Each structure stands twice: as structure tokens, then as C-alpha cells.
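S.K.: okay, predicted coordinates and the sequence, questions at the end:
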Amino acid sequence: MQSLRATDSAFSVSSANLRPQKAALQAVESTAHEPVAFQTPDGRTFQVPGDGSAISFGRRSSNDVALEHPKVSRHHAEMRQQGGQLEVRDTGSSYGTYLNGAIIEPHRWVRVPAEAELMLGLGGPKLQLGEGHDLVQLRASTPSPEAKAPVVQKTAAPVLAAIPTVLTEEAPAQVPEMMPIGAMLESGMTRRTVGWSGDGPHQALIQRGIQAMDRIAPGYRQKLDSLLDQDHDPQTKFRLEQLLADQMKIYQDNGQLLSLPDALLEKRMGSGARDKRDQLEARIDAIQDEVGRIDEARLALNQVNNRKADDLCVAFLKQLRASNSEGINAGERVTIDDKALAQLAEKKISPDDLRAWVNDFYHQTGLPIPAQIPFKFMDDRPQYLNREGAVNVGTYFSKRLCLHELAHRVDHEHPEISAANKSWVEGRCRMAGEDPERPMKLSEVSSQYGEGEIALKDHFVNAYVGKVYPGAPTEVLTIGFEHFADPKHMKQLYQQDPEHFFMVLGALDLARR
């Protein structure tokens with residue numbers, strides 16, 4: 001049975017505004033599956049029934065679970081069980097519903113796997129799903145002007161702070177350390193990561209990469225930054241801060257009034273309390289409507305800027321290829337054994353496709369082209385075979401994997417680049433507050449990794465970037481350069497982790513010298 005728990009760091013809920021749903025509280029004899037249960041601080045129990053009926057989440061008190069939060073729409077989402085499987089549906093909210101950091105399509109039921117994370121709006125209430133918890137407590141929180149938010153790595157775009165409901169004397173809600181990558185990309189935010197890794201031999205590669213980009217395509221870096229940062233203009237930023245302050249004051253001055261259920265409202269607050277609450281809710285709705293209009297305008301501008309950034313990345317890849325091309329067709333030096341040919345054919349990859357990918361790699365990197373570039377099939381997992389200078393295609397292969405495996409050669413042939421890559425991974429791990437001596441198991445991230453594979457932690461573009469090897473190899477250059485397979489992925493790397501982007505350009509520039 002799945003159960004719901006709200007993370008203390010991200011879930012601010014008005015317990016008095018959680019309205020019991022009769023069908024959820026009554027025993028349903030015909031239900032084939034157990035309900036998913038959660039509980040409010042005052043002991044009332046709520047359930048997602050096992051009979052397929054849904055419960056609703058939103059800011060309005062008419063919802064089954066009413067949440068006073070600036071990123072929650074009046075009618076935000078619904079949750080149900082179908083065949084014992086929990087499902088969620090965004091009901092056309094203004095700020096979206098996110099499953100494991102990725103926004104879900106509105107008005108469509110989506111399955112929620114165990115151990116998943118649901119978030120109602122970016123920076124909004126967060127529900128964590130887990131196994132084995134029959135009943136989980138939801139906690140309310142109180143704003144505290146003195147409380148300091150934890151130090152987080154900076155982003156260019158400001159994020160509206162959460163507005164908790166005044167109900168208890170518990171500790172204030174904490175801001176999550178880092179927004180999920182998927183959510184960040186959906187919002188159009190860009191992480192300015194240069195400097196996150198601290199001092200070390202990797203800094204020379206980062207600076208070299210910045211200089212290489214400016215030499216290859218003068219002015220492109222500044223243009224990409226201006227298009228992808230997508231920050232507010234000063235007037236818009238001031239207006240959003242003003243709206244946030246207005247809404248915060250409404251909650252601070254009227255928390256109890258907004259939180260009490262209808263049955264207790266006038267009894268505790270006196271006659272006229274209902275009218276006053278209706279007026280306050282109308283003011284909150286007006287604020288949210290204006291914030292929504294601002295967000296829509298920003299989204300439209302972001303879409304235009306992203307299209308311009310796409311065009312700029314297409315032009316940059318052409319410039320990169322032109323600056324490194326030696327007029328040699330590297331594909332002519334490719335050899336493919338019979339087993340590899342059969343494996344590639346299963347994936348509808350022709351020998352000409354593979355030769356074109358290899359040619360792209362060497363013309364984009366400018367690296368020396370070996371006399372022979374063998375491709376073999378030895379086992380299921382693609383890998384670079386350093387002793388033979390060959391690539392094992394494995395049972396799944398693509399252009400990105402081809403670029404990835406060919407890039408492994410650089411670590412083996414250039415110890416200074418390998419050392420800088422390892423220094424960068426360790427530096428990022430330390431700056432994120434993690435211990436490089438205590439790596440994580442990659443199998444905890446994905447079942448595709450073996451039990452023996454470990455990695456250092458940071459907010460990398462992919463957890464595999466931090467993989468720890470006993471010898472020269474790293475995954476810094478390989479994961480980085482596979483993003484150069486096409487303009488879309490190249491832009492994604494630049495937007496998510498420009499420091500990594502410059503590490504790749506710097507390493508290639510050094511390897512060519």
C-alpha cells in the first residue's frame with residue numbers, strides 16, 4: 001500500500017482547512033484496495049479511497065484538501081486509486097503539478113510510482129510517497145521573520161517564497177536546497193554554476209573553455225546568457241515582490257480567520273467574519289490573477305528567447321565544426337565487426353550512420369584521428385575499450401552514446417585532463433556540503449546501474465557525472481560531450497550547468513594542443 005507523507009521542508013498546510021470527504025472517512029465494504037491514508041495535526045484522518053473516487057486539492061475551501069499557498073490554484077489537482085495504483089491529475093492549475101520534478105500534462109491522469117515526489121506548483125506544497133507507512137502526519141508551519149533560509153546555490157531567476165498559514169507554534173518550513181532539474185527547465189530558469197566547484201586544477205580548464213568559446217564564436221556566450229537567464233526586468237521584479245508582500249501581510253494579519261472551518265468561524269470570530277473572509281479571499285484571488293498574468297507574459301517571452309537560443313546553438317555547433325575540421329573523413333577509418341553490425345541493424349542504425357557520427361565527433365572536437373576506429377560487440381553494455389582503442393556497441397546504441405564512448409579516449413591519453421576532471425567532481429561535491437569520502441550507490445538513483453557503481457553527489461546534469469573510477473576514467477567529458485550531439489541538448493547543458501559546459505570545451509582545447 002502506498003501512503004502519503006508531506007516533507008517538513010516543503011509542505012505548509014492549513015489543518016483547519018482540510019475538509020473531510022465523507023466517502024473517504026466512511027468504511028467502504030466494496031473497496032477492492034486499501035485506501036491511501038494521511039492525517040492532520042488535530043488527528044482527523046483523510047484518505048484517497050480504493051474504489052476509484054477522487055479527492056481534490058486546491059486553495060478554495062470547497063476542495064477535499066484545501067491548501068493556503070501562493071502556488072496552489074483554486075482548484076489545482078485531484079488524486080485517486082485505480083486498480084490499487086495511485087494516480088494524479090492536474091485540473092488546469094496556473095502553476096502546474098510536478099511529478100519527480102517534471103511537469104505533467106493538464107487534465108490527464110498520470111500514474112504515481114512508489115517513492116515519487118509530487119509538488120503542487122514550483123516551490124509549492126510537496127507530497128512524498130513511500131511504502132510501509134499506514135498513517136503519516138501532515139504538519140502546519142508558522143512564519144518566522146527571524147528564521148534564516150539555508151544557503152543555496154544561486155539561480156538567476158527569483159523564486160516567490162512560500163507563504164505558510166498561521167496555525168501552530170511549530171518551526172518554520174524550510175526552503176528545499178535545490179529545485180528539481182526538470183522543474184527548473186520547465187520554468188525556464190538557468191543555473192549560473194561557474195564558481196560552484198571552488199579552487200583546484202579544474203579552474204584552469206573552466207577558464208580555458210570560456211576563452212575557447214569566445215574565440216570560436218565571439219559574442220555568443222553573452223547572447224546565450226541574455227536569452228537563457230530570463231530574469232525579470234526591474235519593474236516586473238518590484239511588482240512581484242510587492243504582490244508577495246501584500247499577500248504575506250493578509251496571511252499574517254488574518255491567519256486564524258482564513259483557517260477556521262465554516263462551523264466555527266462566526267462562533268470564534270464574531271458576526272461579519274464570513275463576509276470579511278470572503279473579501280480577503282477575493283483580494284488573494286486578485287493577487288494570484290495578477291501574478292498569473294505576469295507569469296504568462298514571462299512564459300511568452302521565454303518561449304521567444306528559447307527559440308532564439310536554439311538558433312544560436314545551431315550556429316555555434318557549425319562554428320565549432322568549422323574551427324576544428326581538417327577536411328579528413330574520420331568515418332572512413334571506422335571498422336565494424338559482424339556481431340556489431342547485427343546489433344546496430346536491430347536498432348536500425350546503418351554503417352553509414354555510425355561513420356557519420358564518428359566524423360561529427362572528430363570534426364567537432366578537432367582531436368587527432370586514429371588510423372583505425374574499431375567498433376565491436378562483446379557484451380550488453382556500451383563501453384570504450386582502452387587497450388584496443390575500440391568501442392563496444394552493446395545492445396543499445398545511439399549517436400549520443402557514440403560520442404560518449406569516443407570521448408573516453410581523452411581521459412586515458414591526457415592525465416592532466418583526467419586529474420582536473422576528478423578535481424572538479426570532488427570540488428562540486430564539497431561545495432554542495434557532501435563528503436567526497438562517502439559516495440552514493442548509483443543503483444539508488446536508477447536500476448540500470450550495477451551495485452558496485454558509486455558516484456560523488458552534486459546537482460550535476462546527470463548523477464552519472466560523479467561516477468568514481470579507480471583509474472584514469474571519469475564521466476565529466478563523456479557525459480558533457482554527448483550533449484553536443486545536437487543543438488537542443490547542447491543548450492540544455494549550457495542552461496543547467498555552464499561550468500560543466502566550459503570544462504568540456506577547455507578539455508578539448510587542451511587535448512588538441
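M.R.: Arrived safely, thanks for sending.
S.K.: for the protein, what helix or strand is lowest in average pLDDT?
M.R.: When each helix and strand of the chain is scored by mean pLDDT, DSSP states H and E, helix 22-25 comes last, with a mean of 35.
S.K.: doesn't Asp64 make contact with Ile55?
M.R.: Yes. With contacts counted by CB atoms under 8 Å, Ile55 reaches Asp64, the gap being 4.0 Å. C-beta: built from backbone N, CA, C; applies to glycine.
S.K.: run through the residues that contact the closest residue to Asp90 other than its chain neighbours.
M.R.: Excluding the flanking residues, the one nearest Asp90 by CB to CB, 6 or more residues apart in numbering is Thr97, at 3.9 Å. Counting by CB atoms under 8 Å, 6 or more residues apart in numbering, Thr97 touches 76-77, 88, 90, 103-104, 118-121.
S.K.: of those residues, which is the nearest to Leu260?
M.R.: Closest approach between the contacts of Thr97 and Leu260, by CB to CB: His76, at 21.5 Å.
S.K.: residue contacts, Gly198?
M.R.: So Gly198 contacts 427, 430-431 (CB under 8 Å, 6+ apart).
S.K.: want to throw the residues you listed into CSV with secondary structure and neighbour count?
M.R.: Putting the contacts of Gly198 into CSV (DSSP: H, G, I helix; E, B strand; the rest coil; neighbours: other CB atoms under 10 Å) gives the following:
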residue, secondary structure, neighbour count
Gly427, helix, 22
Arg430, helix, 16
Met431, helix, 15
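S.K.: which one of those residues sits closest to Tyr469?
M.R.: Gly427 (17.1 Å).
S.K.: distance of the closest residue to that closest one other than its chain neighbours from Lys237?
M.R.: Distances taken as CB to CB, 6+ apart place Ser197 nearest to Gly427, at 3.8 Å, with adjacent residues excluded. Going from Ser197 to Lys237 by CB to CB, to the nearest Å gives 29 Å.
S.K.: ok, His404 next?
M.R.: 40 Å.
S.K.: compare those two and say which is more crowded by neighbours.
M.R.: Counted by other CB atoms under 10 Å, His404 and Lys237 do not tie: His404 has more neighbours, with 24 against 13.
S.K.: that one reaches His483, doesn't it?
M.R.: No. Using CB under 8 Å, His404 makes no contact with His483, being 9.7 Å away.
S.K.: quick check, Tyr98 in a helix?
M.R.: No. Looking at Tyr98 with DSSP: H, G, I helix; E, B strand; the rest coil, it is strand, so not inside a helix.
S.K.: who does the residue lying closest to it once chain neighbours are set aside bridge with?
M.R.: Closest residue in space to Tyr98, ignoring its immediate chain neighbours: Met119 at 4.3 Å, by CB to CB, 6+ apart. Met119 has these beta-bridge partners by DSSP bridges: Tyr98, Lys126.
S.K.: count the residues that sit near Met119.
M.R.: Using other CB under 10 Å, Met119 has 27 neighbouring residues.
S.K.: ok, so what distance separates it from Lys126?
M.R.: Counting by CB to CB, the gap from Met119 to Lys126 is 5 Å.
S.K.: please apply the same query to Ala273.
M.R.: 31 Å.
S.K.: could you do Leu320 as well?
M.R.: Distance, Leu320 to Lys126, by CB to CB: 40 Å.
S.K.: His363 now?
M.R.: Per CB to CB, His363 is found 46 Å from Lys126.
S.K.: and stretch 462-474, C-alpha only, in CSV?
M.R.: Output in CSV follows, covering the C-alpha atoms of stretch 462-474 (Å, rounded to 0.1, in the frame of the first residue of the first chain):
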residue,chain,number,x,y,z
ASN,A,462,23.2,13.6,-14.6
ALA,A,463,24.1,11.7,-11.4
TYR,A,464,26.5,9.5,-13.5
VAL,A,465,28.8,12.6,-14.0
GLY,A,466,30.0,12.0,-10.4
LYS,A,467,30.9,8.3,-11.0
VAL,A,468,34.1,7.3,-9.3
TYR,A,469,36.7,5.0,-11.1
PRO,A,470,39.9,3.6,-9.6
GLY,A,471,42.0,4.7,-12.6
ALA,A,472,42.0,7.5,-15.2
PRO,A,473,38.5,7.5,-16.5
THR,A,474,35.8,9.9,-15.4
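S.K.: residues of it that come out buried?
M.R.: 462-468, 472-474 (16 or more other CB atoms under 10 Å).
S.K.: repeat that for stretch 362-372.
M.R.: 362-367, 369.
S.K.: hmm, which two among those residues are most spread apart?
M.R.: Largest separation among the buried residues of stretch 362-372 by CB to CB: Gln364 and Ile369, giving 12.4 Å.
S.K.: mind listing the helices for the stretch 301-450 of the chain?
M.R.: Counting by DSSP state H, counting those that start in this stretch, the stretch 301-450 of the chain has these helices, from start to end: 338-346, 351-365, 399-413, 415-431.
S.K.: which of those sits closest to Val393?
M.R.: Across those, closest to Val393 is helix 338-346 (CB to CB), at 4.9 Å.
S.K.: for that closest one, buried residues please.
M.R.: Using 16+ other CB under 10 Å as the test for burial, helix 338-346 gives 340-341, 343-344.
S.K.: which one of these is nearest Val36?
M.R.: Looking across the buried residues of helix 338-346 and measuring by CB to CB, the closest to Val36 is Gln343, at 43.7 Å.
S.K.: CSV for the buried residues of stretch 362-372, including pLDDT?
M.R.: Listed next are the buried residues of stretch 362-372 as CSV, based on pLDDT from 0 to 100:
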residue, pLDDT
Tyr362, 93
His363, 91
Gln364, 91
Thr365, 92
Gly366, 90
Leu367, 92
Ile369, 92
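S.K.: closest to Gln496 among these?
M.R.: When these are compared for distance to Gln496 (CB to CB), Gln364 wins out at 20.0 Å.
S.K.: the closest one and Ser197, how far apart?
M.R.: Distance of Gln364 to Ser197, given as CB to CB: 24 Å.
S.K.: same question, Asp229
M.R.: For Asp229, the distance to Ser197 equals 20 Å [CB to CB].
S.K.: more neighbours, those two?
M.R.: Here Asp229 and Ser197 are compared on neighbour count by other CB under 10 Å; more neighbours surround Ser197, at 24 against 16.
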